[in-house]
Each structure stands twice: as C-alpha cells, then as structure tokens.
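**Student:** Please work out how this folds:
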Amino acid sequence: MNRPAPVRLHFATTDPEVGNEALQQVYARARMGRVADPAAFRYRQDVHGDADLSLGRMHFHGTVAGHLLQQQAYSVIAPTAGSLRWEINDRPGTSPTPFLLQPGQHYYGESEGLSVNSANLGADALGQIARTVYGDERLTLGFGAPHPVSAQMADYWQATYRFVHDTLTDPATAGIALLRADVLRRLAVATLEAFPLTGDAPARRETVAARQGAYTAAVEFIHAAVSLPITLEDVARHAGVSTIELVRVFRAHAGITPGAYLRGVRMAAAHQDLVAADPTAGDTVGAIAARWGFPHPGDFARRHRAAYGVPPSHTLRH
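**Tutor:** You can find the predicted model right below:
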C-alpha cells in the first residue's frame, strides 16, 4: 500500500489573521475567533505527517478563543502548558489530560498561554486498523466520550505520542516508509485503547489480549524453529489459531504477514551465514540461500539488497 507523501509545516507569527491561515493548514475548518490582546498575540506551530497521521506542537501566547468543525480525522489534543476550557458538541470540559475530537464534532475552546501536542489520525486509516486489530470487518468506528478511560491509559497514550513524534522528526527515520507505517499503527492502537470505544468494550479487550498472546507464541516459535522446514500452518497450530487468524494477528501487531516475518528472520540468518562464510573454502551464495529456504538466487539477491543495501555476493566476499 502506498503511503501519502510526508509534509512539514513550521510557522510562527504575531498576526492573528496569518495565524488563522497557518492553523487552517492543519484543521481546515478552524478559526481563532477572539484574541483578547492582539498586541500580545503569538502563534507557533510545527507539524509533521501526512493524510493518515500528522503530529503537531502548537503554542498560543495570550488569551485566545476559537472554533473547529472536525472533518476527515480523529484528533487527540494534549495540553502541555497553560489553561484550556472547551466544549465539544456543547458538552463542556477542561483538559489537563488528552481529549479526543471525532469527525463531525464541533469544538470551541478558550485558552490562556496554551501549548498543546496534537495528533490527527485519518478516519479511513484508523478505521481500517481498528477492524484489523479487533478482527471485525463490520466494525463502525466511534468513541463514546472525549476523555481517556483512565489516568494510566492517558499516560500510555502520551508515551506513545512521544515515541512516534521522535521517530517522525528524526531525519534518519522520518522518510522510511516501513517506520512511518509502524508508528501510525502504534499511535492508532494507543488511541483505540486509551479512549472509550462504543460497543462491546470487554469483548474487544479480550480479542486484543488473545491476539497478543497468539502473536507472542508465534514469534517465539518462529525464532526457535527458523532453521527447520516449518510452514505457516505449523506456526498457526503452535499459536493455537487458524492460518487466517494468524495473518490478522501479524497485521495487527507487526504490520506484515506471518510469511513476510518468517522470510525476514530467515534472511537475517542467511545474512549472518554470509558474513561468517569463507568463499575460499567453497561457501557460495546459492548454497547459503538454499539452506535458509531461498531456492532462487535472483530472488534472494533482490531481497538481500533491499534488506542490507548490498548484494549477497558482496557480503560473502567481505
């Protein structure tokens, strides 16, 4: 699946109208409607992400009131400094902890010296991840309240946000598609767990716990038996699930299929054999590849180059 192109929006201004234009790059239907003292106004934003996941850090200096009609995303707002009084669909609240906005909801807030971390999760992306995690293709995503289910889950969401933010803002990792997909999944799962979903919550928690156990058992079995001619059916049997459920388990927890995970573990083992091999003693790329379940040299070379940046023949010689 192709991921949207990443973007970065870094901006600072002392002009409320210019600040509105910048804010609307993040929230299309947002507006700072009242600024108590325009001369004291400062606005700063730093946003990283794409249509599936964007993270923002925003600061409003001064007393500011504003509106937002949420549209194509689920947004979590986490105040880090200042004070905030808000209403979501006319339901009032104050937020020292993160709170959630859903598509179609109207937000009004009044703040003083407010700094926030924000996460926007695309509705389609979050819905698909929810259906995969809970194994229910008919699931219609919705949350019953804007507050986290507990202080512990609020802390869990905040910790996940910090990890994801550090990954997306690190130049060494921000452009790696696999890592971007992984952090999207991490923050999506944290949001699904931290905020109260509508429907049968106990059944969903049981599903998540069972899948976590199956994933752990499957991974342990793969690493222990990787040198043996095991199949996905063997892995599923060991984990106590069907092969179809095994695929769902790995997509939910690793973002890949169990077959791809098994190939990755075997590729890592083959790479280590290439590093330790001695071509003068007759060791060959073909023999090592075949030993680890890669019978076609061209396919093995392509996969090795994708994983390690060099062809296997280079690793064998060096």
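
**Student:** alpha carbons only for contacts and neighbour counts from here, please
**Tutor:** OK.

**Student:** can you tell me the helix or strand for the residue positioned nearest the centre of the chain?
**Tutor:** The residue lying closest to the centre of the chain (C-alpha atoms, centre = their mean) is Leu184, at 1.7 Å. Assigned by DSSP states H and E, Leu184 belongs to helix 177-194.

**Student:** tell me which residues in that helix are buried?
**Tutor:** For helix 177-194, burial by neighbour count (16 or more other C-alpha atoms under 10 Å) applies to 180-194.

**Student:** Check stretch 33-42 too.
**Tutor:** 33, 35, 41-42.

**Student:** Check what contacts it and list those residues.
**Tutor:** 12-16, 59-67 (C-alpha atoms under 8 Å, 6 or more residues apart in numbering).

**Student:** from these, which ones fall inside strands?
**Tutor:** 12-13, 59-67 (DSSP state E).

**Student:** which of the residues you listed count as buried?
**Tutor:** 59-67.

**Student:** Can you tell me the SS state at Ile77?
**Tutor:** In three-state terms, and counting by DSSP: H, G, I helix; E, B strand; the rest coil, Ile77 is strand.

**Student:** returning to what we had before: out of the contacts of stretch 33-42, who's nearest Ala306?
**Tutor:** Ala12 (40.1 Å; C-alpha to C-alpha).

**Student:** for the nearest residue to the closest one once chain neighbours are set aside, phi and psi?
**Tutor:** Leaving aside its sequence neighbours, Ala12 sits nearest to Arg44 (C-alpha to C-alpha, 6 or more residues apart in numbering; 4.2 Å). Main-chain dihedrals, Arg44, degrees, to the nearest 10: phi -140, psi 140.

**Student:** Tell me the bridge partners for Arg44.
**Tutor:** Ala12, His59 (DSSP bridges).

**Student:** doesn't Thr13 make contact with it?
**Tutor:** Yes: between Arg44 and Thr13 there is a contact under C-alpha atoms under 8 Å: 6.6 Å.

**Student:** Okay, now the unreliable bits of this structure?
**Tutor:** Applying pLDDT under 70 to the chain flags residues 1-7, 178, 200-206.

**Student:** May I ask you to name the longest helix in it?
**Tutor:** In the chain, with assignment by DSSP state H, the single longest helix is helix 201-225.

**Student:** I'd like the buried residues of stretch 33-42 laid out as a markdown table, including secondary structure.
**Tutor:** Putting the buried residues of stretch 33-42 into a markdown table (three-state DSSP) gives the following:
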| residue | secondary structure |
| --- | --- |
| Gly33 | strand |
| Val35 | strand |
| Phe41 | coil |
| Arg42 | strand |
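
**Student:** Go through the residues you listed and name the one nearest His318.
**Tutor:** Arg42 (56.8 Å).

**Student:** I'd like to know how far the closest one sits from Asn20.
**Tutor:** For Arg42, the distance to Asn20 equals 12 Å [C-alpha to C-alpha, to the nearest Å].

**Student:** From the chain's centroid, how far away is the helix holding Leu184?
**Tutor:** How far helix 177-194 lies from its chain's middle: 2 Å, per C-alpha atoms, centre = their mean, to the nearest Å.

**Student:** Stretch 165-179 now?
**Tutor:** That offset, for stretch 165-179, works out to 11 Å (C-alpha atoms, centre = their mean).

**Student:** ok, the residue nearest to the residue nearest to the centre of the chain when sequence neighbours are not counted - contacts?
**Tutor:** The spatial neighbour of Leu184 that comes closest, neighbours along the chain excluded (C-alpha to C-alpha, 6+ apart), is Leu53 at 6.3 Å. Taking C-alpha under 8 Å, 6+ apart, we find Leu53 in contact with 119-122, 184.

**Student:** Count the neighbours of the spatially closest residue to Pro146 that is not a sequence neighbour for me.
**Tutor:** Nearest non-adjacent residue to Pro146, counting by C-alpha to C-alpha, 6+ apart: Leu100, 4.5 Å away. Using other C-alpha atoms under 10 Å as the criterion, Leu100 is surrounded by 20 other residues.

**Student:** heading toward the C-terminus, what's the first helix or strand past the helix or strand encompassing Leu100?
**Tutor:** Assigned by DSSP H and E, Leu100 falls within strand 99-101. Downstream of strand 99-101, the first helix or strand assigned by DSSP H and E is strand 106-122.
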